[in-house]
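S.K.: I need the structure of the sequence given here:
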Amino acid sequence: MSKFGELVDLNIPVLLDFYAEWSEASEAMHPVLRDVAAALGDKAKVIKLDVDKNSQLAEALRVKGLPTLMIYRDGEMKWRQSGEQNANTLIGLLKEHQ
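M.R.: Numbering: from 1, shown residues only. Model (predicted):
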């Protein structure tokens, strides 16, 4: 869990995508997240976390639906939602937390 703290304790917004390869909705988010990362460059960070490989973390954060998206800034969760989102919505949310 200490690595998780290092991932989210940044002074830029960090978008976490909890996904699974077997989830069609998760797979549909991949190009959206690439667009978000490309649009924001070094002003935000996008991190994908496979729930099958990070089950303890997913359980600790009570991830139930996929994909589950979270925005952290300075180690604090600022936003969370399950389900698909579009790139413009995510970019707007990340800009709000810069």
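S.K.: can you list the weak-confidence ranges in this protein?
M.R.: 1-2 (pLDDT under 70).
S.K.: mind listing what the one residue sitting closest to the centre of it touches?
M.R.: Nearest to the geometric centre of the chain sits residue 16, at 1.7 Å (C-alpha atoms, centre = their mean). Taking C-beta atoms under 8 Å, 6 or more residues apart in numbering, we find residue 16 in contact with 7, 8, 47, 49, 69, 70, 71, 72. For glycine as for every other residue, the C-beta is placed from the backbone atoms N, C-alpha and C.
S.K.: Which secondary structure state does the residue nearest to it when sequence neighbours are not counted sit in?
M.R.: Excluding the flanking residues, the one nearest residue 16 by C-beta to C-beta, 6 or more residues apart in numbering is residue 70, at 4.5 Å. Under the three-state scheme (DSSP: H, G, I helix; E, B strand; the rest coil), residue 70 adopts strand.
S.K.: Not counting stretch 40-56 itself, show me its contacts.
M.R.: By C-beta under 8 Å, 6+ apart, stretch 40-56 touches 1, 7, 10, 12-21, 33, 36-37, 57-58, 63, 66, 91, 94-95, 98.
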